[in-house]
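> any chance you can model this:
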Amino acid sequence: MKISNQKSSLYLPYLTSKEIEVAIAEKPVILQPVGNYEPVGLNASICLIQDCTESISSIIAEKCKIIQAPVLPFSYSIPYRSFPGGLGLKGSIIESVITNLIKEYSFWGIKYIFIFDGSYDSFTILQNSVKRFRKHKDSITVALFNWQHENTFHDVYG
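Residues are numbered from 1 along each chain as shown. From the prediction side, this is the model:
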């Protein structure tokens, strides 16, 4: 299954430093997608979650006119490591990576970070990252959404 690889016009890797500076001045927001390498049935690609998360993130970023970071391809998927192609990182590593990304984005002048999580088992770990960061900084608002666990999303898209 091939998912569209259409990127937002504010896709971070395609922007210059000046374009990033202008975008942040207009809206100090960044969308950080988190994907995963995990099995989705027997006939779907191992990166389906990652591809869906990135595609949905591109649509959100484009509609909201906010910077979209590249999808973080790894998250906590240790329970799936016994499946061929399943790749995951320990929770403490994911927590450190997310906390560090939040800190790095704050240096750019970002005030709002929207973490769009597509992984199945990382939500609690990502919540811990956000809590850990909030203990030290209050100048940034971090929102976290997991589309695999959000009931409203499932009610609409089944």
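
> what pLDDT is listed against the most centrally placed residue in the chain?
Geometric centre of the chain, nearest residue: P33, 1.7 Å, by C-alpha atoms, centre = their mean. Looking at P33, its pLDDT reads 95.

> what of G158?
51.

> returning to that earlier point: for the residue nearest to the centre of the chain, name its beta-bridge partners.
F116 (DSSP bridges).

> hang on, it packs against T53?
Yes. Using C-beta atoms under 8 Å, P33 is in contact with T53, at 4.8 Å. (Glycine included, C-beta is placed from N, CA and C.)

> what is in contact with these two at once?
By C-beta atoms under 8 Å, 6 or more residues apart in numbering, P33 and T53 have these common neighbours: V71, F116, D117, G118.

> contact partners for the nearest residue to Y11 once chain neighbours are set aside?
Residue nearest to Y11 in three dimensions, not counting chain neighbours: Q68, with 5.2 Å by C-beta to C-beta, 6 or more residues apart in numbering. Contacts for Q68 (C-beta under 8 Å, 6+ apart) come out as K7, S8, L10, Y11, L12, I30, L31, P33, S57, S58, I60, A61.

> good, we can wrap up now.
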